[in-house]
Structures are given as structure tokens and as C-alpha cells.
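S.K.: the following block contains a protein sequence and its predicted model.
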Amino acid sequence: MSKHDDDHFRVRPGTPKQRGEAFINKVLRQTNKAGAKLGKVVGKVGYRPGSRLGRGHVAARFAGASLTPNARRVTIKARLVNLSKAGPRSTAAHLRYIEREGVDRQGGPGYAYGPTTDAADTAAFEERGREDRHQFRFIVSPEDAEQLDDLRTYARHLMARMEADLGTRLDWVAVDHWNTDNPHTHFVLRGKDDTGKDLIISRDYIAEGMRHRAAELATEWLGPRTELEIQRTMERELDQERWTSLDRTLQRVAVDGLVRPETLAAPRLQRQRKLLIGRLQRLQRMGLATEQQPGTWAIHADAEPTLRAMGERGDIIRTMQRAMSGKQRELAVFQLGGDGRNIVGRVAAKGLADELYDKGYLIVDGIDGKAHYVMLPPRSELEQYPTGAVVEVKRSTNVRVADRNIAALAVDGVYRTDHHLAVAQREAPPNSDPREVVAAHVRRLEALRRAGIVEREAEGVWRVPGDLAEQGRQYDAQRLGGGVAVELKSHLTIDRQARVIGATWLDQQLIGGGKGLGDLGFGSEVKDALRQRADFLAEQGLAEHRGQRVVLAHNLLATLRGRELEQAAKNIAAESGLKHRPVINGQRVAGTYRRSVMLASGRYAMLDDGRGFSLVPWKPVVEQSLGQQVSAIVSGQSVAWQFRHQRGISR
């Protein structure tokens, strides 16, 4: 190339190729670094760093231009889900949540619909998006949804306008919810455009453009809000113990945390002036604002988080009151920093505290006479906890004994199973199996290996960090949603447990003498059920009344469990034509995991070896191997599972 040619050389970048999330994040980081050079334009729609990245950034600048202060208001919550991190079952689980029972107008289940059908095939939708990198989830809540009446048609018109703004057809399903004070619609939108490329939506469009389109549509349908409607809405907010639109207005007009008289006298605030002053006086009574001098108010820095927390607390109390249906109970919120005691009780109600993030809750009617609000760990399935079932809520933030043992036995950061076995054979208590002790520690190591905390160097040889105990504790806290674990003690109500063949939670209470049962509420009901259970066991020849005492048969739980398993095995044999192979304690059983069987004694996995089947105590880890070959060693009611795709033993 000549010098002359070199002087006229120009770089012509080609069309950007589809990039991964890491590339997108890198671009955003670089644009954010450059944001300091943008001066006053930073923060305006269309000028925020990275705001032009993706579809809809132009529409976001013009959407809502026709909206007036009297326009209808619509709240939109948005979430971008990274499907590779959320897991393969994320979409199916979310669709189950939003189609759950009790969300339609008649209190029945919700039904997903799409652009052209009132009965969307959610399984096909989930299948189409299985390889998608990401997914969008929206909750659209018009303030006047009840007046709109036909939310489905409204939703379809909104998505059609979004398609015009984004320049692509959209693949979506939606479910309307009428079970709250504010009817709303859940949207699940695939992260692909109509050409099959990743759908990237501008952050400005998600933050502003979509809401403006929704408000435009609601205003067209219902007309602008009247002055009386606006006034009544603000009057309702005046004394509310939550973050309101009045608070947002005060926050917007405050300068350095101060609201001055001249600010409130501005023409644009004339309609709200008296209400804003009234709200400031209310905040002062709540200790969240101070009138420094006549007409000049200082809003405390913690006003917003405090009001939001108060609003959430109020929502929880109302939820608990509805769940208890007027029953007299002391209301309590389960917290990790509480008195340290576990909660045992009946599931009185359940639901989603945050529908966008699928965060569930339980209302537990405790044996202590109180009603407890329990936030479930992340990714918990509400279906695991039937209404009326008995559960135990635990705090699980302590260091595990197994982690301490592994750290103590490690030499130069290496734990060896043969060394542990030798120690266990010398120190194990009578009637305990040293090999099972080591196997339990191996199961823990396998879980920590999957979390990236330990490394398996060879069969029976593990590299462990020096702070294994602390890392294990943090892993448990994160996995269990901050240290909360909810264990299903029985899926049966206590009425059904009272007269069933099987080892029930009531039987365990009988053996333990009914300790900890209160005299009010569920505790009192359990006492009545225990008397019925004792009578039933006496009828079965498994208990004897001696005055006020009840003498239970030796090995009561094992006998009840054996009788129930025998009957369940007969039923399965009649259905399948396979021969039942009883599980022998300490021996290995293998087969294809076909399904689980829920009994009063607990949940069991059915293993089919082609000629017969066995029923083995079920553990959550086996569910990922449905239809696959597995093996297990049963010791009492504990079981060590082993799978073909892994070398070690797992729970």
C-alpha cells in the first residue's frame, strides 16, 4: 500500500454480530465510564449511557408525548431473566406460579392466553424458548383495571403497540390476575425477535416507553382522569403508612432534602399544595420529617426505605388476617434474629410475596398458638406445601458438624476417606456403621464440590480450603434463602392422620408425649387429634389405654410403616404386573427410577429392575434422575443414592 493510499485509508465497521451477555455488559461498562463526560444530559431519556443499545430507544423518546397530568396511570414491573442462571425449569415454574389456583375473577386458576388464542399452549411456549439466552417478564397494573374490564384485549393492544415500537413480532403469553386489590396482567416474553436473533430492548423503553404506551392506551379507553378522581386518589394517600405518589412528588421537588414555601407555591403544584402540606405534617408525626422553620420542611434521608418497609409490613399483616379468617391468633413474622426456636404448625395459606421474582410465603398456624408469616427460600415450589399440611420451619445458618469433621481430618488441605474410615472404626459408637459415617461426609463433599468450594482430586481424595466450615455455612445460608429451611413433616391434615395406617407425624408426637403443644389454636387441635389417634391405634392392637396413660406398641413406627408399604406394594404390583422386591437393610438395590409414591409414612421412589420393583425412601436429589438407572443403600430410614453420571454417593 502506498503512502498516498495509507493517508486515505478508512475503517468501515461491519454489522455487529450477535454477542453474548458478557459482550453487552462490557459495552455498558465502557459507556458508563464515559458517562461523566456527558454532563447535564446524563439522566435524560435517550441520553443515559448505553440507552441507545437495543430496540425501542427512539420510541422511548416520543412515547407519552401526548400524555397530560390527567392521563390514566399504569404501574409496570419488569425483570430480565438470564435463563442459563435461572435454570432449565425456570420458565415452567414461573408459568405454574402465574396460572395457580385462585387468581381469576371466580377464584379459580389462571389461564394463559396469547396474541390470537385464549388458551395458550404453555408447554409449547416453554419448548420454543428452551434455548433462549434470556427472557422478559412484566407485570402491568393499570390503576383503573376494574374499569377496563377486558384485560385480555387491553393486553393484546399493548403488545401490538410494543411490536410497532420495537420493529418485530413478539412471542408472548399472559395471565390476568384478579385476586388482589389491583387487578394486573403477567407477561412472559421470549428473548428472541422474529428473525431468531436475541431480542435486546432499550433500557429507556423498558423504564419509560412501555409504561407510556400502557398509559396512552388506558386513557384512550377510559378517557382522562377527572379532577375529582385525582383529588380522591391523593386524599386516600394522605395518612397511608407506605410510600405514596405524594411522597414521590415531595422527593422530586425537594432541594438538598428541603421543601421550601416557594416550591409548594409553584403553579404546577397548586392543585396538590394543601395535600402535600398535610402529608408533610403526617410524616412529621411519624418522625420522618421536621419543620425547621415555618413552611420549610426537612425530609429525613431514611423516609423512603422506612415507608416502603412499613407498607410491606402492613401488607403482611393484612395477608395474615385474611388467611386466619377471623381466628384469634397472635401474629408473628419469622425472622432469623428471633428467639432461635423452630416453628411447627399447619399451613394455613400460601402465596407469592413477589410475583415477579416468584418469592413465596407460607402462613403457618403454629402449635404455639401463634400465626407465623414465613418467607420461603428462593426457588421453593409452593406445591411442596399443601394447605393443611404440617411443616417445621428451621434456622439453618449454623456450621455443620460434617464440615468441622472434614476440616479437622484434612492434612495439608487434603481429606482422605480411607483415613476417615480408620478413625471412624476406632471412635464410632456401638451399633453405628463407620462406612455410613464416611459416606455421609462424602455426600456433603459432593454438594460442596458442585458449589465450587472443594475439589475431588481422585477417588476418595478431596482438596478442601482452610475455612471450609465458614464457606459451608455461607453456602447453606445462600441455598436456603438466608438460612431458612422449611421441612414437610406430613402432607396429610391432622384429621386424616388420626385414622390412617402409616407412620404419621401424630405418632411421633404420641411417642414424644406431645411436648410443646399450646392450649390455643392449632396446638389445641393437635391435642384432640392425638386422643383420636390413640383410640385408632388401640383398635389396631398397637396401643393400650391404662387409665390416663397410653402404652404404645414396641417399634410402633416401623410396624405402621411396614403395613402401609405392604399395602402400597400390592396396589403397585396389581397395576404394573411387576413383583415387589422388599428392601433389605444394608443391601444395595438398583433399578430405573420410574416415579415417586406419596404415603402417610413419607415419599418413596419406585425403582424398576425390569422384573420387579422396590420402594426406597425418596430424597430430592433423585428427582433429577427420573427415568434413569440409579442405585441405593438403605439403612433404616436413611438412604445413600448413587447415580451413573457421578462417582460418589449422594443424598
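M.R.: All right, it came through fine. Numbering: from 1, shown residues only.
S.K.: how many residues are close by residue 621?
M.R.: 15 (other CB atoms under 10 Å). For every residue, glycine as well, the C-beta is placed using N, CA and C.
S.K.: what's the answer for residue 439, then?
M.R.: 20.
S.K.: how about the strand or helix carrying it: buried residues?
M.R.: According to DSSP states H and E, residue 439 maps onto helix 434-450. Using 16 or more other CB atoms under 10 Å as the test for burial, helix 434-450 gives 434-449.
S.K.: so which elements touch it?
M.R.: helix 401-409, helix 417-427, strand 455-458, helix 468-479, strand 638-643, strand 649-650 (3 or more CB pairs under 8 Å, 6 or more residues apart in numbering; DSSP states H and E).
S.K.: now the angle between strand 638-643 and it, please.
M.R.: With axes from the mean of the first three to the mean of the last three CA atoms, to 10 degrees applied, the angle from helix 434-450 to strand 638-643 works out at 50 degrees.
S.K.: avg pLDDT for helix 434-450?
M.R.: Across helix 434-450, pLDDT averages out at 86.
S.K.: then stretch 246-258?
M.R.: 90.
S.K.: do the same with stretch 270-277
M.R.: Mean pLDDT, stretch 270-277: 87.
S.K.: now that stretch: buried residues?
M.R.: Buried-residue list, stretch 270-277, by 16+ other CB under 10 Å: 272, 275-277.
S.K.: how close does the nearest residue to residue 386 once chain neighbours are set aside sit to residue 347?
M.R.: Nearest non-adjacent residue to residue 386, counting by CB to CB, 6 or more residues apart in numbering: residue 491, 5.5 Å away. Taking CB to CB, to the nearest Å as the measure, residue 491 falls 10 Å from residue 347.
S.K.: mutual contacts of the two, please.
M.R.: 386, 389 (CB atoms under 8 Å, 6 or more residues apart in numbering).
S.K.: circling back: what about the residue nearest to residue 386, distance to residue 606?
M.R.: 17 Å.
S.K.: next: residue 223.
M.R.: 61 Å.
S.K.: quick one, what contacts residue 192?
M.R.: 129, 132, 171, 198-199.
S.K.: nearest to residue 471, out of those: which one, please.
M.R.: Taking CB to CB as the measure, residue 471 lies nearest residue 132 of these, at 33.1 Å.
S.K.: what's the spacing between the closest residue to that closest one other than its chain neighbours and residue 161?
M.R.: Using CB to CB, 6+ apart and skipping residues adjacent in sequence, the residue nearest residue 132 is residue 191, 4.8 Å away. Distance, residue 191 to residue 161, using CB to CB: 19 Å.
S.K.: now swap in residue 275 and tell me
M.R.: Per CB to CB, residue 275 is found 33 Å from residue 161.
S.K.: what of residue 190?
M.R.: 18 Å.
S.K.: next one: stretch 233-253 to chain centre, how far?
M.R.: Centre-to-centre, stretch 233-253 and its host chain are 30 Å apart (CA atoms, centre = their mean, to the nearest Å).
S.K.: and the contacts of that stretch?
M.R.: 143, 259, 263-264, 266, 269, 272, 275-276, 278-280, 282-283, 286, 299, 303-304, 307-308, 310-311, 314.
S.K.: ok, of those, which come out buried?
M.R.: Buried among the contacts of stretch 233-253 by 16+ other CB under 10 Å: 143, 259, 263-264, 272, 275-276, 278-280, 282-283, 299, 303, 307, 310.
S.K.: isn't the residue nearest to residue 132 right up against residue 137?
M.R.: No - between residue 191 and residue 137 there is no contact under CB atoms under 8 Å: 10.6 Å.
S.K.: any weak-confidence spans in the chain?
M.R.: The model of the chain has pLDDT under 70 over residues 1-52, 336-340, 396-398, 428-432, 479-483, 636-637, 644-651.
S.K.: from residue 174, how far out is the most centrally placed residue in it?
M.R.: For the chain, residue 359 is the residue whose C-alpha lies nearest the centre (CA atoms, centre = their mean; 3.0 Å). Distance from residue 359 to residue 174, counting by CB to CB: 21 Å.
S.K.: just residue 326 next, same as before
M.R.: Residue 326 is 35 Å from residue 174, by CB to CB.
S.K.: for residue 358, same thing?
M.R.: 16 Å.
S.K.: now do the helices in the stretch 101-250 of the chain.
M.R.: 122-128, 145-148, 151-166, 203-204, 210-222, 227-237, 245-253 (DSSP state H, counting those that start in this stretch).
S.K.: just those: most buried one?
M.R.: Greatest average neighbour count among the helices of the stretch 101-250 of the chain goes to helix 203-204 (a mean of 24), per mean count of other CB atoms under 10 Å.
S.K.: what helices and strands are in contact with it?
M.R.: Using 3+ CB pairs under 8 Å, 6+ apart: helix 203-204 touches helix 57-62.
S.K.: what comes up buried for the helix it packs on?
M.R.: For helix 57-62, by 16+ other CB under 10 Å, it's 57-61.
S.K.: repeat that for stretch 551-562.
M.R.: 552, 556-557, 559-561.
S.K.: tell me which element residue 393 falls in.
M.R.: strand 390-395.
S.K.: show me what that strand pairs with in its sheet, parallel or antiparallel.
M.R.: strand 343-354 (antiparallel), strand 484-490 (antiparallel) (DSSP bridges).
S.K.: using CSV, write out every CA atom in that strand.
M.R.: C-alpha atoms of strand 390-395 as CSV (Å, rounded to 0.1, in the frame of the first residue of the first chain):
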residue,chain,number,x,y,z
VAL,A,390,-47.8,-30.0,58.8
VAL,A,391,-44.4,-28.3,58.4
GLU,A,392,-41.4,-27.3,60.5
VAL,A,393,-39.6,-24.0,59.9
LYS,A,394,-35.9,-24.1,60.9
ARG,A,395,-33.0,-21.7,61.1
